[in-house]
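# Sequence and predicted model, in that order:
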Amino acid sequence: MARMLKTGALALVALVSLLLGSSQAFAGMDRSAIVGLLCGTGSHAVMQGADEMLANLPTASPADLDWARAVVQAFSRRTLRCGGGGVGYIATSGGLIDAARLEASPPVSSVLRSPFPNLRTRAALDRLTAAIAVLNAPAPEARLAAVGILASHSDLIPPALAEAALKRTRNPRVAEALRGLIVLQRLHAPDIGQRVAAIRAMSENATSRTENELKSLRADPVYAANPRVAAALDHGIAHVRLWVQVGAVLSLLYNGVSAGSVLFMSAIGLSIIFGLMGVINLAQGELLMVGAYATYSVQQIIRMIAPGYISLYPVVAIPVVFILTGLLGILIEWTVIRHLYRRPLMTLLATWGISLLLINLVRVFFGTQNLEFDTPPYLTGGVAVVGDFFITWNHLAAIVFAVGAFTATLALLRFTSIGLFIRGVTQNRDMAGCIGISTRRVDMLAFGFGAGLAGLGGLALSPIYNVNPTMGTGFIIDSFMVVVLGGVGSLIGTAVAALGIGLVDVGIEPFYGAVAAKVIALLLIILIIQWRPEGLVAARGRR
Amino acid sequence: MSLVTRRTVLTGVAATLAAPAIVRPAWAADTVKIGCLFSSSGTMANLEGRLNYITKMAAAELNASGGVLGRQVEVVVTNPNSDWPTYAQMGRQLLQEQKVAALFGCWTSVSRKSVLPVVEENNGLLFYPLHFEGEENSKNVVYLNSPPASSVLPAVDYLMSSDGVSAKRFFMVGTDYVWPRTINKILKGYWKSKGFSESSWHEEYVPFGFSNFQSIVNQIRTFTSQTGGQPIVVLTVVGSSIADFLRECINQGVKPTDIPVLGLDMVEADLEGLDTTSLVGNLNCWAYLQNAPGPRNQAFLANWAAYVKSSNAPYSPHVAIDPMVSTYDGVHIWAEAAKKAGSFDVPAVRTAFAGLQFPDPSGYTLSMTADNNYVARGVFIGSVNAQQGFDVLWQSSGTPKPVPYSPFG
């Protein structure tokens, strides 16, 4: 009952405001003038129209807001049509409607122009969309997001807008964000207390952008005249500077670790196949590629049978990819490699042949174009942490995945009987055979395991790199480098080497550029191999 | 006793393989060969591979209308494997052994530079379909696409105008080879002539096939936040690096409205597989865009879609990129010139270029002069849309005269 009353009251309010709006009791917007400007030629006219609309938003009636949203949306989506004399229309599935009145328009005979939002007008449209959303979006989350967009352009937003929005919200989080925006907009207020508060509020958000904005405030005469403002500004800049530096260091570390994880994931399969078994497998990169294609196939199958669960495909793909590439590895071992264990040079040629075969097979079945992955929402974008340090989800996922794969592989090698057999065969094949280990079976399983891990590498790389038939060739050199540097036969060595190369590469890049970083990293590797030919972590046991 | 031994099988296979070689001279008189130098493997494969098919499509069009000078056009395809010296080697084979009448090939400038001595030595003719640095003028190369003065500079001018974003600061990211370095050198010279100081730009280079753009995008974010006016990115990375760069931009939340990216080598095919909604507004500049208006473009797109279907080409039937159209134009320009000259001899064909015109899918009428082997094309500036394509943001009113050797270089 109470609820019904409430809806009734709301409807009444809406009706009244609608009536008031149409009878121009509100300081209503001059709709046709604004449409005329938006439909004008050149971005100058469009910007003028957008400014006019923005300035009127704080006092706009709900009906005007709905109208503004419809027009801005039409412009952004390119459904706005302009006729001669600044008359605008919006193209809908049901025909043209008049942009100023939002009513069905009589048939138009003249040729209509569809204005194109260029970069400048697009930015203005984005601001307008946010400004309208902050006033009338139904969901509090949408309003919060809109406040965020407005806050990054606080100098271009009329101060009355935040006040008006504050009156129209009852959500405490939105209200708090809006109050923050109001404080921020008082950077040039005549009242010193308000200015100091604005400076403090600004330095809370420590990014290099804030730092530059605060620094530019030093040119303001008030800075020299008023010691309170000067102190607050100096303190704010020092605070922001500190966190920006912390952020820079963290971001370097993060980039290094994530680059290391990618290297590790591309090398982990090889560290079993080359490191433990001594097979120079040039098809390693292609196993990676097959893993990525298997991931793609899993995604396509889920899309076909259960489109609702499409975002879960990377998780579903983990076992599928591991088993598929593992079986492919066993097939390769059984058909080719097992005949060549005592002839390493021929393995090199044979596996190279396999790599070409795989590339061309995939090319025949899938084509050469980059595959289109449906990136799940939890792998796109990221979050700003401190200063300019920004954590991107896809790289974080690669790190987590690498750590998981490392622990699981290490546990398997250390704590299971098959792991024991693999290590036994690695250390002394003949002796292991003598005490009853089936070395044939162990070889096959170990190769399959290494191939499966490479497949998982492909899965982990698919949200970061382009997936196409030739993607594997780019990884083969890097992965051999990692395995050899880490120490042949040592999984921990592989991890240490991958992390080391990643950190060195990324650490040098901002100072000397990516090309020099690669050169310096390679030089370092040569020096380390000279100093420790057995690699960073040497495997124990007789070879 | 089995009649089919390993030896008989091998002999049979060898005979079958050898047969075309024996048969060929018998009908060689009715055909004329043209050669393709586009990689179908390696880092350039996704882009260059398409050009083999478009050459074949253009040849099929010529053959359907009776061939050239009464002879059917036969396309010889090679695969230089994205390896620059191999382009030269394959080019030599095509010219000396296959005796091709013209070569169509190369994407990167470094591959063109590698083929250049070969075509000059053998007096061949290479049709090069990419826009490039313009610091070259060989009589053995037909430059089908625009030098910087009629492609890059108009686009940069647009971004520096008030209709663009009034760009004041420039972040250049490029792959480390001749094209990006020369383009950036020309741009710096151009900006200097406009009164910008050295502090208003920043240059970064990455190796071929580079994919980890985390640090560079970090640097771009820092660059964006600095004061001194609107920044833009001039992107001259090539191949698979383009998509990797764009993906990192999406993930780090770098928005085109904050810092637009002008991707000089960016085409529709680079956006495949990306969610372009947060890239809307980024720019490129070419002599053709898929959304170019006009019936000729519609016809071309329909032909390509049909050709992909009939030839089973492993590419999207709905994506057409500038170098495809340039290659297509090249085949037709070659045919026109040969018809005009009445011969396939390179010197005769070359003389026939002067005054040649060809209405191409972009909507402009291409023309050549006696001054050089450059082709005058229109200019498009494209803006990324949410459908992984480019909308036409601006296009030139005519075809600016192509000028080799930039005064700013």
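That came in fine, so what should we check first? What you see is a predicted model, and the numbers here were worked out from it, not measured in a lab. Residues are numbered from 1 along each chain as shown, chains lettered A, B, ... in the order given.
# What pairs with the helix or strand B:Phe127 falls within, parallel or antiparallel?
Following DSSP states H and E, the helix or strand that holds B:Phe127 is strand B:126-128. According to DSSP bridges, strand B:126-128 forms sheet pairs with strand B:102-105 (parallel), strand B:141-143 (parallel).
# the bottom helix or strand of the chain by mean pLDDT?
Just going to use chain A. The helix or strand of chain A with the lowest confidence, counting by mean pLDDT, DSSP states H and E, is helix A:2-22 at a mean of 50.
# could you do chain B instead?
Per mean pLDDT, DSSP H and E, helix B:6-28 ranks last in chain B, at a mean of 49.
# So what touches the helix or strand just after that one?
Using DSSP H and E, the helix or strand that directly follows helix B:6-28 along the chain is strand B:31-37. The set of residues external to strand B:31-37 that reach it, using Cβ atoms under 8 Å, 6 or more residues apart in numbering or on different chains, is B:51-52, B:55, B:59, B:67-69, B:71-78, B:80, B:87, B:90-91, B:94-95, B:98-106, B:111, B:115, B:126, B:331, B:334, B:344. C-beta: built from backbone N, CA, C; applies to glycine.
# residues of strand B:31-37 that come out buried?
B:32-37 (16 or more other Cβ atoms under 10 Å in any protein chain shown).
# okay, now the domains of the chain?
Chain wasn't specified; assuming chain A. Listed domain ranges for chain A are A:26-183, A:185-246, A:250-531 (source: automatic domain parsing).
# My question was about chain B, not that one.
B:31-145+B:293-377, B:152-286+B:382-395.
# Quick one, which of these gets closest to A:Pro533.
domain B:152-286+B:382-395 (27.3 Å; Cβ to Cβ).
# With adjacent residues omitted, what lies nearest to B:Cys285?
Of all residues not flanking B:Cys285 in the chain, B:Ala155 sits nearest, at 3.6 Å (Cβ to Cβ, 6 or more residues apart in numbering or on different chains).
# isn't that neighbour right up against B:Leu262?
Yes: using Cβ atoms under 8 Å, B:Ala155 makes contact with B:Leu262 at a distance of 6.0 Å.
# Identify the contacts common to these two.
What both B:Ala155 and B:Leu262 touch, as defined by Cβ under 8 Å, 6+ apart, is the set B:283-285.
# Now do the same contact list for whichever residue of the stretch 301-450 of chain A sits closest to chain B.
Taking Cβ to the nearest Cβ as the measure, the stretch 301-450 of chain A has A:Gly367 as its residue closest to chain B, at 3.0 Å. A:Gly367 is in contact with B:314-315, counting by Cβ under 8 Å, 6+ apart.
# Same check on the one 4 residues further on?
Contacts were defined as Cβ under 8 Å, 6+ apart; by that measure A:Leu371 touches A:292-293, A:296, A:462, A:467-468, B:273.
# Tabulate these (JSON lines), appending distance to A:Ala164.
Below are these laid out as JSON lines (distance: Cβ to Cβ, whole Å):
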{"residue": "A:Ala292", "distance to A:Ala164": "51"}
{"residue": "A:Tyr293", "distance to A:Ala164": "54"}
{"residue": "A:Tyr296", "distance to A:Ala164": "49"}
{"residue": "A:Ser462", "distance to A:Ala164": "47"}
{"residue": "A:Val467", "distance to A:Ala164": "49"}
{"residue": "A:Asn468", "distance to A:Ala164": "52"}
{"residue": "B:Gly273", "distance to A:Ala164": "43"}
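# most surrounded residue in those residues?
A:Ala292 (29 neighbours; other Cβ atoms under 10 Å in any protein chain shown).
# So that one is in contact with A:Leu461, correct?
Yes: if you go by Cβ under 8 Å, A:Ala292 and A:Leu461 touch, sitting 6.5 Å apart.
# Tell me the one among the buried residues of strand B:31-37 nearest to A:Asp478.
Out of the buried residues of strand B:31-37, the member with the shortest distance to A:Asp478 (by Cβ to Cβ) is B:Leu37, at 28.9 Å.
# what pairs with that closest one across the strands?
Residues in beta-bridge contact with B:Leu37 (DSSP bridges): B:Thr78, B:Gly105.
# Fine, thanks again, bye for now.
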